[in-house]
Structure formats: structure tokens, C-alpha cells
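J.: My questions concern the predicted model and sequence given below.
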Amino acid sequence: MPKFNIIQYPDPRLAVPGKAVPAVNDEIRAVVDDMFETLYAQDNCAALAATQLDMPTPWRITVIDFSESKDQPLCLINPEVVSGSGETNSQEGCMSIKDVYVNVPRYETVEVHALGLDGEKRVFKEDGFMAKCMQHEIDHLNGKLMLDHLGKTKRRIINRKFRRS
Ligand code: NI
């Protein structure tokens, strides 16, 4: 059983930014373990942000693993996109917005700063799917969804679908 339930759009909690982690301690590491357990329990899930999980404190934490063998866990604590360059616009999905796939404009390459599980600062310079994934997850931690990148008309069409169900 997954440790946490994944909050579904249009739940207003998805728009609330995550709380910065003051210190990486055993309590935080236990939350991260439970987040990975939740991630690995899903089909086709590349990453999860704490703010999309039903947990007591939605921390500024994201867990990522899109390897085939599911053995390359990457955890980012208090991550920030500090710079980006280039542009891409490719299809994304979200575990909190079922059956919706939209093209989202993103930086092609990003520099991300975060803390690791040991509390040490790490610098990532990424491109390709990892860059896209980090931007999507850090958006979540800022209370922003992929739909927030769309124009009004597209959003209205998607929102209609969720109001009906
Ligand atoms: Ni998402």
C-alpha cells in the first residue's frame, strides 16, 4: 500500500506552497522514505512533490526516479531553480491531474540548488527529461500546476471536464 494518497485536482491544497525544511533530520528522512514508497507503488510515475501528497506537513521535498529499473532515487529538499536557458514545449502529465496531457513551456537546461538527504547543498545542471521533471516538481512546491502555464481557453476546457466529474 502506498504511504500517502495523491491529492487530486481541483483540490485547493495543490495551490499551497510547500513548507521549507528547517533541518534534514531522521524525521525528514522517514518522510522521504514514505514518499519513495508512494512513488514506486504507482504505475508510470516519474516523480512526486510533497505538496501533492496527503501528509501532515507538505514539506518542500520532491522525490524523482524515472529509471526503468526504479533503482535511481533522487531526492531534492528545498529545491530552487536558480537559472535556466533555452526553451522547450513538450507534453507533460501529472499524477494529480488524471488523464490530462498538455504541452508546457519549460527551460531546456536548468541549474537547480537543493539539499540532499545528508543536509548538504547540491548543485544540479540538467537538461532533457530531468530538467523538465525538476521544473514540474519545483512548480508543485511553489503551489503551481502545469495547467497554470496554459492560456485561458485551454484551461477552461480542462476545468469543464473536472467540474462534470
Ligand atoms: Ni505533477
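T.: On my side now, so go ahead.
J.: First-to-last residue distance for stretch 44-63?
T.: One end of stretch 44-63 to the other measures 14 Å (Cα to Cα, to the nearest Å).
J.: Kindly report the same for stretch 3-20.
T.: 21 Å.
J.: Buried residues, it. List them.
T.: For stretch 3-20, the neighbour count (16 or more other Cβ atoms under 10 Å) marks 3-4, 6-7, 9, 14, 18 as buried. Bear in mind the C-beta positions are built from the backbone N, C-alpha and C, glycine included.
J.: got the contact list for it?
T.: 34-35, 37-38, 42, 48-55, 57-61, 78, 94-98, 140-145, 147, 159, 162 (Cβ atoms under 8 Å, 6 or more residues apart in numbering).
J.: Mind pulling up the pLDDT for the residue most central in space within the chain?
T.: The centre of the chain sits closest to residue 137, judged by Cα atoms, centre = their mean, with a distance of 2.3 Å. pLDDT, residue 137: 98.
J.: Then the one 10 residues further on?
T.: Model confidence at residue 147, given as pLDDT, is 97.
J.: Numbering from 2 from now on, please.
T.: That works, and once the first residue is 2, the last one we named lands at residue 148.
J.: got the contact list for it?
T.: Residue 148 neighbours (Cβ under 8 Å, 6+ apart): 10, 98, 101, 103, 156, 159.
J.: ok, which pair from the residues you listed is furthest apart?
T.: Using Cβ to Cβ, the contacts of residue 148 span at most 12.2 Å, a distance reached by 10 and 103.
J.: ok, longest strand in this protein?
T.: strand 75-86 (DSSP state E).
J.: Which parts of this structure are strands?
T.: Under DSSP E, the chain gives strands at 48-50, 62-65, 75-86, 89-95, 98-107, 110-116, 122-127.
J.: could the ones you listed go into a markdown table alongside mean pLDDT, distance to residue 134 and mean neighbour count?
T.: Shown next, in a markdown table, are the strands of the chain (pLDDT from 0 to 100; distance: least, Cβ to Cβ, whole Å; neighbours: other Cβ atoms under 10 Å):
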| stretch | mean pLDDT | distance to residue 134 | mean neighbour count |
| --- | --- | --- | --- |
| strand 48-50 | 98 | 5 | 25 |
| strand 62-65 | 98 | 6 | 26 |
| strand 75-86 | 98 | 9 | 17 |
| strand 89-95 | 97 | 9 | 15 |
| strand 98-107 | 96 | 10 | 15 |
| strand 110-116 | 98 | 10 | 19 |
| strand 122-127 | 98 | 8 | 13 |
